[in-house]
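> Predicted model, plus sequence, below.
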Amino acid sequence: MAKRILLTSFEVWLSDQLSNSSDDLLLEVIKHNSLPHDLKFLRRLPVDVHLASSQVIQKISELQPDYIICCGMAACRTKLSLEAVASCGESVLPTTVNLEKLVNGATAIEISHDCGKFVCEGLYYAVLDYLCQNQLATPCIFVHVPVLNSENLPVVLADFLLIINNLALS
């Protein structure tokens, strides 16, 4: 049976941005259309922690996915970054996913312990907290996506598809 995977992305937040690389990457995954998984997309979340979190939590409740992959843009990074933790004040929540195992076979992925203190971390923390508070064992990761261009897109897409497949096999 195909694993149901919820994938999320954000809307742009600056007036000079034409797109958000997290959403651009999900569009590439949709075009690829060859994965044997039941992919569900919640794209272009508002760049607002409360609104984005409530939309994602509502979708988790509705879909009851097997896995959750939240994505956000990290313009200053050059490769995919998997976030190990999210914090809110003094509280730190780790992902339950073995990230070292997840990136096995990847070309250019880093594991990060700095989710950024922006809406990305707020969403990641809210989702991890929701899963914990409701005793749901659904694995969740957050992936920061660099700005995509013709040079890095093939590697970033291949590594992202590897993450999806490795997560579904875990």
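Alright, I've got the coordinates.
> where does the spatially most central residue of the chain land in three-state SS?
In the chain, the centroid-proximal residue (Cα atoms, centre = their mean) is residue 70; its distance is 2.4 Å. Three-state call for residue 70 (DSSP: H, G, I helix; E, B strand; the rest coil): strand.
> Would you agree it is in contact with residue 59?
No - Residue 70 sits out of contact with residue 59 when judged by Cβ atoms under 8 Å, with a separation of 11.0 Å. (Glycine included, C-beta is placed from N, CA and C.)
> intersection of neighbour lists for the two?
Common neighbours of residue 70 and residue 59 are listed as residue 8 (criterion: Cβ atoms under 8 Å, 6 or more residues apart in numbering).
> List the contacts of the residue nearest to the centre of the chain.
Contacts of residue 70 (Cβ under 8 Å, 6+ apart): 7-8, 56, 120, 123-124, 127, 140-143.
> would you say residue 57 is within a helix?
Yes - under three-state DSSP, residue 57 falls within a helix.
> Tell me how far the closest residue to it other than its chain neighbours lies from residue 56.
Sequence neighbours aside, residue 130 is the residue nearest to residue 57 in space, at 5.1 Å (criterion: Cβ to Cβ, 6 or more residues apart in numbering). As judged by Cβ to Cβ, to the nearest Å, residue 130 and residue 56 stand 8 Å apart.
> So which of the two has more stuff around it?
residue 56 (22 against 17; other Cβ atoms under 10 Å).
> Which parts of the protein are helices?
Assigned by DSSP state H, the chain shows helices spanning 21-32, 49-63, 99-102, 119-133, 153-169.
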